[in-house]
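Q: with the input below, show me the fold.
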Amino acid sequence: MRMSLLAGRCWRFAAVVPRLLWNSTVLPGGRSSVSSLVNNTHHDCKHTELLLRGFSSAPPSTDVSYEQLKQLLSCRKAVVIDVREPWELREYGSIPGSINVPLAQVGNALQLDAEEFNEKYGGEMPQQTDNIVFTCLAGIRSKNALDTATSLGYKDVHNYLGGWQDWSKNEQQD
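A: As a prediction, the model looks like this:
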């Protein structure tokens with residue numbers, strides 16, 4: 001009897017704590033939207049890293065939303081690498097401040113020295129501890145780039161799941 005009472009209390013506590021810590025919208029596939037937290041930070045850059053890590057004991061999500069990416073860019077807290085081909089950027093456009101490193105070159109590019117990287121790609125070489133966000137047209141190739149970076153020892157890597165299509169749509173709404 002005592003054991004079932006204790007178990008019941010634990011379950012009630014376990015159900016309340018996540019709601020207290022994280023009031024988010026669950027998207028299809030079990031992903032969480034942190035847009036409400038991003039909007040409530042009033043562009044306070046100190047909270048950007050917390051937004052990416054969340055409050056879960058589960059492995060951190062690597063997906064970044066439009067709102068999170070906008071905040072990371074405004075705070076200059078991330079290196080954004082667009083892995084589309086150069087002709088795609090010319091034809092469709094690109095996220096301001098992003099560096100174009102085509103997917104086929106990501107593995108080699110992330111092993112260059114800083115001077116070579118800058119010379120070849122026109123941007124600062126990310127360090128293995130830097131916050132890196134990969135993007136592409138719709139989030140497929142950028143996930144492959146994230147996997148490559150992770151295999152090379154990069155720790156703080158993220159995927160802008162919506163890619164250029166999501167960015168463009170959201171920018172038109174703003």
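
Q: secondary structure element holding residue 157?
A: strand 156-160 (DSSP states H and E).

Q: quick check: mean pLDDT across that strand?
A: Strand 156-160 shows a mean pLDDT of 96.

Q: hmm, who's touching the next helix or strand after that strand?
A: Next helix or strand after strand 156-160 toward the C-terminus (DSSP H and E): helix 163-173. Outside helix 163-173, the residues that touch it by CB atoms under 8 Å, 6 or more residues apart in numbering are 66, 69, 82, 84, 88, 92-95, 135-139, 142, 160, 162. The way it works is simple: take the backbone N, C-alpha and C, and place the C-beta from them, glycine included.

Q: for stretch 112-132, same thing?
A: By CB under 8 Å, 6+ apart, stretch 112-132 touches 49, 52, 72, 77-81, 99-101, 109-110, 149, 152-158.

Q: in helices, which of the contacts of helix 163-173 fall?
A: Among the contacts of helix 163-173, the members found in helices (DSSP state H) are 66, 69, 88, 92, 142.

Q: residues contacting the last one?
A: Same thing as residue 142. Per CB under 8 Å, 6+ apart, neighbours of residue 142: 83, 134, 135, 136, 159, 160, 161, 163.

Q: got a list of what the first one touches?
A: With contact set as CB under 8 Å, 6+ apart, residue 83 has these partners: 101, 102, 103, 106, 134, 135, 136, 141, 142, 144, 145.

Q: pLDDT score assigned to it?
A: Per-residue pLDDT puts residue 83 at 98.

Q: distance of it from residue 65?
A: 19 Å (CB to CB, to the nearest Å).

Q: where exactly do the helices run in this structure?
A: Counting by DSSP H, the chain has these helices, from start to end: 2-21, 35-40, 48-53, 66-75, 86-92, 106-109, 114-121, 140-151, 163-173.
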